[in-house]
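>>> Fold the stuff below for me.
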Amino acid sequence: MSDLRIQAICGFGVGSSTLLRIKIEGVLKELGVKATVFTGDVSSASGTECDAIFTSKELADNLRSKVKVPVVVINSFVNTAEIKEKTEEFLKTR
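Next up is the predicted model:
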């Protein structure tokens, strides 16, 4: 599997997306998957090349209409078990 590029998106691309990025990086390390995880905001997401976007339910529908990559909904950015489960589901599609 080639290196993945995953965007963690929140409203402004600073606070909660940074927390989500850290959680995703931890899960990927545990799974032995090499990836670049970076943060962004809704307005810049569609113009940034990536393999997937992880974000909140509130932002997902808006993003899905603008991007051509999978949008993974994370209900709780602090729930490592949920992030791991959804990351594994995404990885199965690659």
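>>> sec struct for E82, please.
helix (DSSP: H, G, I helix; E, B strand; the rest coil).
>>> Spell out the residue ranges of the helices in this protein.
15-31, 42-45, 57-64, 80-92 (DSSP state H).
>>> want to throw these into JSON lines with mean neighbour count, distance to I9 and mean pLDDT?
Every C-beta, even on glycine, is put in place using the N, C-alpha and C of the backbone. Listed next are the helices of the chain as JSON lines, based on neighbours: other Cβ atoms under 10 Å; distance: least, Cβ to Cβ, whole Å; pLDDT from 0 to 100:
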{"stretch": "helix 15-31", "mean neighbour count": "17", "distance to I9": "6", "mean pLDDT": "96"}
{"stretch": "helix 42-45", "mean neighbour count": "16", "distance to I9": "5", "mean pLDDT": "89"}
{"stretch": "helix 57-64", "mean neighbour count": "14", "distance to I9": "6", "mean pLDDT": "93"}
{"stretch": "helix 80-92", "mean neighbour count": "15", "distance to I9": "14", "mean pLDDT": "97"}
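>>> of all those, which lies closest to Q7?
helix 42-45 (6.1 Å; Cβ to Cβ).
>>> So for P70, which of the helices of the chain sits nearest?
That would be helix 80-92 among those, by Cβ to Cβ, at 6.1 Å.
>>> Perfect, that will be all.
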